[in-house]
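> what's the 3D shape of this:
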Amino acid sequence: MARPPRSRRWRPMHSIHLIDAENVAGTARPTRGEFADGRSRLNAVAPAGPHDHSVVAAGGASIFEAGLTWPTAQLLKGHGPDGADHALLEWAAAADLVTRFDALVIASGDFAFVSLAAEVRAVGLPVTVVTWRNSCSRVLAGVASTVLWLDPTTPTPVTIALEAPRAA
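Here you go, the predicted structure:
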C-alpha cells in the first residue's frame with residue numbers, strides 16, 4: 001500500500017476520523033447523554049476539521065442515538081460482539097485511506113485497530129488514537145503516532161509521541 005507522491009499544488013489537509021461510538025461514550029449501552037458527553041470530550045481533544053470525514057459505528061441497540069449525536073457523520077451499524085470495530089475496519093479496507101487522506105484518527109482504544117494503524121503508519125501517514133486511559137490497548141498505543149486521552153481526570157489533553165514502528 002504505497003502512498004503516491006503529493007501534488008505540488010496546495011490543498012487542505014483531509015483527515016479520516018473512525019469513531020467507535022460506544023467506546024467514545026465509555027460504555028456498551030450508552031444513553032444519549034453519555035454519547036453527547038463522549039462526543040464533547042472527543043471534540044475537545046481531536047476535533048474534526050472542515051475538510052475531514054467522520055465515520056461513526058455503533059451496535060444495533062445504539063445506532064439511533066449515535067446517529068442523533070453525530071448527525072453529519074457517515075453512520076455504520078455493527079452486528080454482534082465488536083460489531084462497531086468490524087464495521088469501521090471493513091469500511092476502511094474499502095476506502096483507500098492512504099490515497100484519499102492525510103491523517104487517520106481512531107476514536108477507540110481497541111486492539112482490533114492495530115493492523116490498520118500499523119499499515120497507515122508504514123506509508124508515512126500520522127495516526128492519532130483517542131480513547132479512555134483505562135481501555136487503551138498498549139499495542140495500539142505503541143503503533144500510533146499520538147495518543148490523546150478522553151479521561152475527565154486529566155486536566156488537559158495529554159499527547160504521547162511514540163517512536164515510529166520499526167521495519168521488520
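
> check the chain for its longest helix and report it.
helix 32-45 (DSSP state H).

> how far does that helix sit from the chain's center?
The chain centroid and the centroid of helix 32-45 are separated by 14 Å under Cα atoms, centre = their mean, to the nearest Å.

> show me what it is in contact with.
Contact with helix 32-45 is made by 19, 21, 24-27, 30, 62, 65-66, 68-70, 107, 130, 148-150, 152, 157, as judged by Cβ atoms under 8 Å, 6 or more residues apart in numbering. (Each C-beta comes from the backbone N, C-alpha and C, glycine too.)

> show me where the chain has strands.
Taking DSSP state E as the test, the strands found in the chain are 15-20, 53-59, 74-78, 103-107, 127-131, 146-149, 159-161.

> mean pLDDT lowest where, among the ones you listed?
Within the strands of the chain, the stretch with the lowest mean pLDDT is strand 159-161, showing a mean of 53.

> contacting residues for the residue most central in space within the chain?
In the chain, the C-alpha nearest the mean C-alpha coordinate belongs to Ile106, at 1.6 Å (Cα atoms, centre = their mean). Neighbouring residues of Ile106 by Cβ under 8 Å, 6+ apart: 18, 113, 116-117, 127-130, 140, 144.

> what distance do you get for it to Thr31?
Per Cβ to Cβ, to the nearest Å, Ile106 is found 24 Å from Thr31.

> which ones are touching Lys77?
Counting by Cβ under 8 Å, 6+ apart, Lys77 has contacts 57-60, 63, 83, 87.

> let's see the pLDDT reported for Trp10.
56.

> could you dump the strands of the chain into CSV and include distance to Arg39?
Formatted as CSV, the strands of the chain follow (distance: least, Cβ to Cβ, whole Å):
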stretch, distance to Arg39
strand 15-20, 9
strand 53-59, 9
strand 74-78, 13
strand 103-107, 9
strand 127-131, 11
strand 146-149, 14
strand 159-161, 20
